[in-house]
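K.L.:
need a structure here:
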Amino acid sequence: MSTDNITRIDLDGKEIILIGTAHVSKRSADEVKEVIEAERPDAVCVELDEQRYQSIMEGNKWKEMDIFKVIKEKKASLLLMNLAISSFQKRMAKELGVNAGQEMIQGIQSAKDVGARLVLADRNIQITFSRIWGGIGLKGKAMLLSQIILSIFNKESISEEELEKMKSQDMLNSMLNEFTEQFPRLKKPLIDERDQYLAQKIKTAPGNKVVAVLGAAHVPGIKEEIKKDHDLAKLRSIPPKSKAPKLIGWSIPIAILAIIAYTFFANPQAGLQQTISWVLWNGSLSAIGTALALAHPLAILTSFVMAPITSLNPLLAAGWFAGFVQAYFSRPSVKDFESLNEDVFSVKGFWRNKVTRVLLVIVLSNLGSSLGTFIGGADVIRLFFQNL
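P.N.:
Purely as a prediction, here's the structure:
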């Protein structure tokens, strides 16, 4: 049994054993089994929350997903992001012949085999996403989205040996330092806060001997944080949303409408030009985005018609209307939901599967509409100053 990835901590008479794993490494899963069977702990902590645990235990539940409900609840972008993130991990896992998260599944099974208490030690994934999204600013959001999109197109392979190197402490620290430089505000909710949360759950796990199965990135932080006490309720809280995006969201359309109305009053012909420019830029770019998703012709037409209207109302989005039309005329079948896990392995699969096609229609239509708002708005202002 290798000891390179195992950290032993004695804390007030309690023995805590941390196993640092790579999430798609077969050796990690084997090591988890060996350690738990050899140590026979009172409790096994796994880096999962209730939601991810249920997903693992209940298997593929995509067949139960209602695509119309996803659109209504405005979760299309989040779902597409989750699928894109898992796509990269699943491609590596498939290449190495192991299921993504196999070490966590092994931890659950081995805890049951030795009669240990299972502790779900991670923070709820939705809370983590909310704290990330609310705290990284506009630039951080753009960088994060671009990295996620690039991960779909990334064909770079990685060997088992390279994964094992990733678990070494020196390389891990250098990776985290680089990560902090690129995304300084992202590291706190994604790594630091979860280190604190995991550390508190591990130290309060029942029994005198505890084994914790963790991603290697968390081990250095947990070694430090486990010496302190942390308020779990505070770490679970979701910070209040900033009012700035809402103010900006309403101020832009109000300003655009006011400028067009004033121009119409002063020069009706210039006001008509502004209106046409607004409609064409918004409608055309949203329709182009929808077409890039290979949408149904009526979904493309819907984007063109709705984008100039929805851009003037922050509570609405052209992509939602286009998504409903796409889902209605190209309704995902049970087969599409069943093949979703396989289709997200490739770029082609994202466009081929009717479920992800609907999500792409929504996201790309909205992106086109947003771009059209900026360009169309700028042209409206240009025409306003030209005709003062």
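
K.L.:
going forward, measure contacts between C-alpha atoms and count neighbours the same way
P.N.:
OK.

K.L.:
neighbours around residue 125, how many?
P.N.:
15 (other Cα atoms under 10 Å).

K.L.:
Give me the phi and psi for the residue lying closest to it once chain neighbours are set aside.
P.N.:
Counting by Cα to Cα, 6 or more residues apart in numbering, residue 125 lies nearest to residue 49, which is 7.0 Å off, once chain neighbours are set aside. Main-chain torsions, residue 49, degrees, to the nearest 10: phi -110, psi 180.

K.L.:
Residue 15 now?
P.N.:
Per degrees, to the nearest 10, the backbone of residue 15 is at phi -90, psi 120.

K.L.:
Pull up the gap between it and residue 388, please.
P.N.:
In this view, residue 15 and residue 388 are 77 Å apart by Cα to Cα, to the nearest Å.

K.L.:
before we move on, back to that, close enough to count as contact, the residue nearest to residue 125 and residue 119?
P.N.:
No - contact between residue 49 and residue 119 fails when scored by Cα atoms under 8 Å: they sit 9.3 Å apart.

K.L.:
okay, these two: which has more neighbours?
P.N.:
Neighbours were counted for residue 49 and for residue 119 using other Cα under 10 Å; residue 119 has more, 23 against 16.

K.L.:
Excluding chain neighbours, give the residue nearest to that one in space.
P.N.:
In space, and not counting its chain neighbours, residue 119 is closest to residue 45: 4.6 Å by Cα to Cα, 6+ apart.

K.L.:
next one: residue 28
P.N.:
Spatial nearest neighbour of residue 28, excluding adjacent residues (Cα to Cα, 6+ apart): residue 21 at 5.3 Å.

K.L.:
In this structure that neighbour contacts residue 218, no?
P.N.:
No - Residue 21 lies out of contact with residue 218 (Cα under 8 Å); the separation is 9.6 Å.

K.L.:
between these two, who's got more neighbours?
P.N.:
For residue 21 versus residue 218, neighbours defined as other Cα under 10 Å are more numerous around residue 21 (29 against 21).

K.L.:
Phi first, then psi, for the more buried one.
P.N.:
When read as degrees, to the nearest 10, the backbone of residue 21 gives phi -120, psi 160.

K.L.:
Tell me the buried residues in stretch 369-388?
P.N.:
369-377, 379-381, 383-384 (16 or more other Cα atoms under 10 Å).

K.L.:
can you pull the contacts of residue 128?
P.N.:
Residue 128 is in contact with 189-190, counting by Cα atoms under 8 Å, 6 or more residues apart in numbering.

K.L.:
rerun that using 10 Å as the cut-off
P.N.:
122, 134, 189-191, 193-194, 235-238 (Cα atoms under 10 Å, 6 or more residues apart in numbering).

K.L.:
Are we agreed that it is in a helix?
P.N.:
Yes - counting by DSSP: H, G, I helix; E, B strand; the rest coil, residue 128 is found in a helix.

K.L.:
quick one: it from residue 238, how far?
P.N.:
From residue 128 to residue 238 the distance is 9 Å (Cα to Cα).

K.L.:
residue ranges with poor pLDDT in the chain?
P.N.:
For the chain, the stretches flagged by pLDDT under 70 are 1-3, 23-25, 58-67, 74-100, 133-186, 334, 338, 341, 344-345.

K.L.:
what's the helix or strand for residue 351?
P.N.:
Applying DSSP states H and E as the criterion places residue 351 in helix 347-352.

K.L.:
Can you tell me which of the buried residues of stretch 369-388 end up in helices?
P.N.:
The helices, defined by DSSP state H, take in 369-377, 379-381, 383-384 from those.

K.L.:
so which of those comes closest to residue 106?
P.N.:
residue 370 (44.9 Å; Cα to Cα).

K.L.:
picking that back up, export the buried residues of stretch 369-388 as a markdown table, with columns for distance to residue 31.
P.N.:
A markdown table is the format used below for the buried residues of stretch 369-388 (distance: Cα to Cα, whole Å):
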| residue | distance to residue 31 |
| --- | --- |
| 369 | 50 |
| 370 | 49 |
| 371 | 50 |
| 372 | 53 |
| 373 | 54 |
| 374 | 53 |
| 375 | 55 |
| 376 | 58 |
| 377 | 58 |
| 379 | 62 |
| 380 | 63 |
| 381 | 64 |
| 383 | 68 |
| 384 | 68 |
